[in-house]
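Trainee: Okay, sequence plus prediction incoming.
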2 protein chains.
Amino acid sequence: MSDNYHHGNLRQALIDAGIKIINESGEASLSLRRAAALCGVSHAAPYAHFKDKDDLIEAIKQSVTEQFMKELTEAVKNSTDAESAIVNMGKSYVSFFIRKPDYFRFLFSNRNVTAHLRPDKTYTEDYPPFVLLKETYLEYLKEKQLQKNEDEQEIEILRIWACAHGLAAIACMSGVVTSFDWEEKLSGDLLLR
Amino acid sequence: MSDNYHHGNLRQALIDAGIKIINESGEASLSLRRAAALCGVSHAAPYAHFKDKDDLIEAIKQSVTEQFMKELTEAVKNSTDAESAIVNMGKSYVSFFIRKPDYFRFLFSNRNVTAHLRPDKTYTEDYPPFVLLKETYLEYLKEKQLQKNEDEQEIEILRIWACAHGLAAIACMSGVVTSFDWEEKLSGDLLLR
DNA sequence: TATGTTATCTTTACAATGTCAAGATAACGA
DNA sequence: TCGTTATCTTGACATTGTAAAGATAACATA
């Protein structure tokens, strides 16, 4: 490949640039032109790889979600039993976003989605982190030999999920992110009763 | 007042216009110029009342939060005891944002806050809805004659809050907002154990 | 009442951005 | 080797936030 034309892998480079911008200056300053500049290409080059800005944002979201999912999976794998796996997953959930509060705002801001038009996959049944929690929870029921009907299961899963997400939200959006020992709180019976 | 100059109460009109835009087309299409146009003034007129766009957004947030707070207070007032007040508050919390999902995205998107620079008051100790929950919770402890140390109290309040907020998030951001009976779920022991 | 002050609004201008169109360049297959 | 196609550049335009300068009206004060 030459030096000017054909960057090599501009698509991935733009995603990485976008992530870098978000980490350094927040989503507000994420622009197609800045990402392009960071990659050393002209301002319209991204349009060869992304339909529009939202399309790039969607790709970045997917990439960040993969990072996120990796940590959650790791947390489950490093647990000895399903019960602690759930707690550890919750810890990882909050911990991930405490370390990267800009990711939280970015992932869950939905700045571009009018919702009526295009609800993204976040939170729905196919959302990988949610699937992981469901599997782990069923494993937990089996381990403890607990019998629950589907309605009870759904409520419990929702409660755990909402709790973890809500705590992450509080942690990320409040000014007290660092002055609060989330790890300790989560190791209590905050998630699982 | 004349017909062209001196709108009368442009500041409030701009806030109302902003809310209208958010409700009709989402936060993405909220612009100073559009709000100004809706008020029938020139595009730079808002600068007599707001420092910049963020300043208007902050004012809108405050206005929406007041609406929100009103419903929460109402829910508490209409309850016979503190325990049901907590549950009803949670119901109202989720219900409010299910009816106005754009408000949820708007209030908690933090599109403009770099967090390091200016964490807004949301979620902090002075946040009125949070204060209301704390008061109600203490009332609940008194009613039930329960003894809990401050740490236990904090955890429980956080759990309730996170749960309500997390459920609202799930409800607002997923595509299944309407196909799920949140009211019923919340009346179960989702919030209070 | 007259006048100076100030708040409010308009006009003009500029930079940043998203996006499109037309063209240039290079990779690649036939 | 040559045509096709993906990739990238250049140029242009509309939208937006925002600043500067000036116009207008409300208002206080003498």
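Mentor: Great, that's in hand.
Trainee: so where's chain A shaky on pLDDT?
Mentor: A:1-5, A:110-125, A:174-193 (pLDDT under 70).
Trainee: what does the domain assignment say about it?
Mentor: A:1-50, A:60-187 (automatic domain parsing).
Trainee: Single out the most deeply packed of those.
Mentor: domain A:60-187 (a mean of 18; mean count of other Cβ atoms under 10 Å in any protein chain shown). Backbone N, C-alpha and C define where each C-beta goes, glycine included.
Trainee: how far is it from where the chain is centred?
Mentor: Between the centre of domain A:60-187 and the centre of its chain there are 8 Å (Cα atoms, centre = their mean, to the nearest Å).
Trainee: quick one, strands of chain A?
Mentor: Counting by DSSP state E, chain A has no strands at all.
Trainee: center of it - which residue?
Mentor: Nearest residue to the geometric centre of chain A (Cα atoms, centre = their mean): residue A:65, 4.2 Å.
Trainee: mind listing what it touches?
Mentor: A:107, A:128-129 (Cβ atoms under 8 Å, 6 or more residues apart in numbering or on different chains).
Trainee: now, which of the residues you listed sits nearest DNA strand D?
Mentor: Among these, residue A:107 lies closest to DNA strand D (Cβ to the nearest atom of the strand), at 23.3 Å.
Trainee: Relative to residue A:41, how far out is residue A:8?
Mentor: Using Cβ to Cβ, to the nearest Å, one gets 11 Å for the distance from residue A:8 to residue A:41.
Trainee: picking that back up, ok, the residue nearest to the centre of chain A to residue A:130 distance?
Mentor: Taken as Cβ to Cβ, the span from residue A:65 to residue A:130 is 11 Å.
Trainee: now do residue A:82
Mentor: 16 Å.
Trainee: what about the helices in chain A?
Mentor: Taking DSSP state H as the test, the helices found in chain A are A:10-25, A:32-38, A:53-77, A:82-99, A:101-109, A:128-144, A:150-173, A:182-187.
Trainee: Mind putting these into a markdown table with distance to DNA strand D?
Mentor: Shown next, in a markdown table, are these (distance: least, Cβ to the nearest atom of the strand, whole Å):
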| stretch | distance to DNA strand D |
| --- | --- |
| helix A:10-25 | 4 |
| helix A:32-38 | 7 |
| helix A:53-77 | 13 |
| helix A:82-99 | 28 |
| helix A:101-109 | 16 |
| helix A:128-144 | 27 |
| helix A:150-173 | 22 |
| helix A:182-187 | 34 |
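Trainee: Just put these in TSV and tack on distance to residue B:173.
Mentor: As requested, these are exported to TSV (distance: least, Cβ to Cβ, whole Å):
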stretch	distance to residue B:173
helix A:10-25	19
helix A:32-38	25
helix A:53-77	12
helix A:82-99	15
helix A:101-109	7
helix A:128-144	12
helix A:150-173	10
helix A:182-187	22
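Trainee: Which of those sits closest to residue B:170?
Mentor: helix A:150-173 (6.1 Å; Cβ to Cβ).
Trainee: what is the orientation angle of the closest one with helix A:128-144?
Mentor: If you take axes from the mean of the first three to the mean of the last three Cα atoms, to 10 degrees, helix A:150-173 sits at 130 degrees to helix A:128-144.
Trainee: same for helix A:150-173, what does it pack against?
Mentor: Packed against helix A:150-173 by the contact rule (3 or more Cβ pairs under 8 Å, 6 or more residues apart in numbering or on different chains; DSSP states H and E) you find helix A:82-99, helix A:101-109, helix A:128-144, helix A:182-187, helix B:150-173, helix B:182-187.
Trainee: Surely residue A:157 and residue A:137 touch.
Mentor: Yes - judged on Cβ atoms under 8 Å, residue A:157 makes contact with residue A:137 at a distance of 5.4 Å.
Trainee: contacting residues around the residue lying closest to residue A:50 once chain neighbours are set aside?
Mentor: Nearest residue to residue A:50, sequence neighbours excluded (Cβ to Cβ, 6 or more residues apart in numbering or on different chains): residue A:56, at 4.4 Å. Residues in contact with residue A:56 (Cβ under 8 Å, 6+ apart) are A:14-15, A:18, A:32, A:35, A:46, A:50.
Trainee: cool, and residue A:153?
Mentor: Here residue A:153 is in contact with A:137-138, A:141 (Cβ under 8 Å, 6+ apart).
Trainee: Looking at these, spot the one nearest residue A:26.
Mentor: residue A:137 (34.3 Å).
Trainee: now that closest one: how far from residue A:130?
Mentor: 11 Å.
Trainee: which residue sits closest to residue A:142, ignoring its sequence neighbours?
Mentor: Residue A:142 sits nearest to residue A:82 (Cβ to Cβ, 6+ apart), 7.6 Å away.
Trainee: so how far is residue A:162 from that neighbour?
Mentor: For residue A:82, the distance to residue A:162 - Cβ to Cβ - is 20 Å.
Trainee: same deal with residue A:126?
Mentor: 18 Å.
Trainee: In contact with the nearest residue to residue A:27 once chain neighbours are set aside, which residues?
Mentor: Spatial nearest neighbour of residue A:27, excluding adjacent residues (Cβ to Cβ, 6+ apart): residue A:106 at 4.8 Å. Counting by Cβ under 8 Å, 6+ apart, residue A:106 touches A:22, A:27, A:60-61, A:64.
Trainee: switch to 10 Å and redo it
Mentor: By Cβ atoms under 10 Å, 6 or more residues apart in numbering or on different chains, the residues touching residue A:106 are A:18-19, A:22-23, A:26-27, A:30, A:57, A:60-61, A:64, A:100, B:109-111.
Trainee: Now do it against residue B:70, distance only.
Mentor: For residue A:106, the distance to residue B:70 - Cβ to Cβ - is 31 Å.
Trainee: ok so, going back, just put the domains of chain A in JSON lines and tack on distance to residue B:166.
Mentor: Formatted as JSON lines, the domains of chain A follow (distance: least, Cβ to Cβ, whole Å):
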{"stretch": "domain A:1-50", "distance to residue B:166": "21"}
{"stretch": "domain A:60-187", "distance to residue B:166": "3"}
